[in-house]
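K.L.:
pasting the sequence and the predicted model now:
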Amino acid sequence: MRKLILDKQLVDDGWLYLDNDDSLLPGADVVVPLARWKAERETLRQHDAGVGVRIEPGEGIEDIVPDLADIPLVCLSFPAFHDGRGLSYARELRERHRYGGQIRAVGDVHRDVVHGMYRCGINAFDIREGKSIADALIAFGDFSTGYQGDVYDPRPVYRRGA
């Protein structure tokens, strides 16, 4: 079974990634593209297991906001290191919409980015093939504090006290 980092812990990943034309598997937790969620929303809500939604850069999250209570997992795609739109989506989900479900980074995810992604509200990391998941897990200890506020504590460091 594939491993991922969830809430700073190494765990087994039981979710299946589906494309627009893949069949739903009874009893399986699945992640579908945003286009499929929009086209099959009512059918997917009747699925007998979890249904997550994958958001690509440029798609935005507006189409899932009314359904967040029914979506236990939002996957944010990071196709390239330099594309950080998913970071903005994560902060918007956590701060503006108070989303409490799993926000998972997929794509070009590796040690150098997990700490910053976590501070934006991403709590699950599907580490890119060829990169060490154990090494990425260690990255959470690279910094003791951040100068700017984040989704967990919005105060800048000078407002936090000693």
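P.N.:
The structure has been received and is ready for your questions.

K.L.:
low pLDDT regions in the chain?
P.N.:
Along the chain, the model assigns pLDDT under 70 to residues 162.

K.L.:
list the buried residues of whichever strand or helix holds Ala35.
P.N.:
Applying DSSP states H and E as the criterion places Ala35 in helix 34-45. The neighbour-count check on helix 34-45 (16 or more other Cβ atoms under 10 Å) flags 34, 36-37, 40-41, 44 as buried. Where C-beta positions appear, they are placed from N, C-alpha and C, glycine not excepted.

K.L.:
so which elements touch that helix?
P.N.:
Using 3 or more Cβ pairs under 8 Å, 6 or more residues apart in numbering; DSSP states H and E as the contact test, the elements touching helix 34-45 are strand 51-55.

K.L.:
next SSE downstream of the strand it packs on?
P.N.:
Following strand 51-55 in sequence, per DSSP H and E, is strand 73-78.

K.L.:
what lines up beside that following strand in the sheet?
P.N.:
strand 51-55 (parallel), strand 102-107 (parallel) (DSSP bridges).

K.L.:
could you check how far Arg45 is from Tyr99?
P.N.:
17 Å (Cβ to Cβ, to the nearest Å).

K.L.:
what of His82?
P.N.:
Per Cβ to Cβ, His82 is found 25 Å from Tyr99.

K.L.:
so for those two, which residue has more residues nearby?
P.N.:
Of the pair His82 and Tyr99, Tyr99 is the one with more neighbours under other Cβ atoms under 10 Å, namely 20 against 7.

K.L.:
now do the same contact list for that one.
P.N.:
By Cβ atoms under 8 Å, 6 or more residues apart in numbering, the residues touching Tyr99 are 68, 74, 93.

K.L.:
at 6 Å instead, please
P.N.:
68, 93 (Cβ atoms under 6 Å, 6 or more residues apart in numbering).

K.L.:
which strand or helix spans it?
P.N.:
Following DSSP H and E, there is no helix or strand that holds Tyr99.

K.L.:
what's the local residue count around the residue lying closest to Phe140 once chain neighbours are set aside?
P.N.:
In this structure, Phe140 finds its nearest non-sequential neighbour in Lys8, 5.3 Å apart by Cβ to Cβ, 6 or more residues apart in numbering. By other Cβ under 10 Å, the residues close to Lys8 number 13.

K.L.:
ok, now the one 5 residues further on?
P.N.:
Each residue near Asp13 was counted by other Cβ under 10 Å, and the total is 16.

K.L.:
thought it was touching Arg2?
P.N.:
Yes. Contact criterion Cβ atoms under 6 Å: Asp13 and Arg2 qualify, at 4.6 Å.
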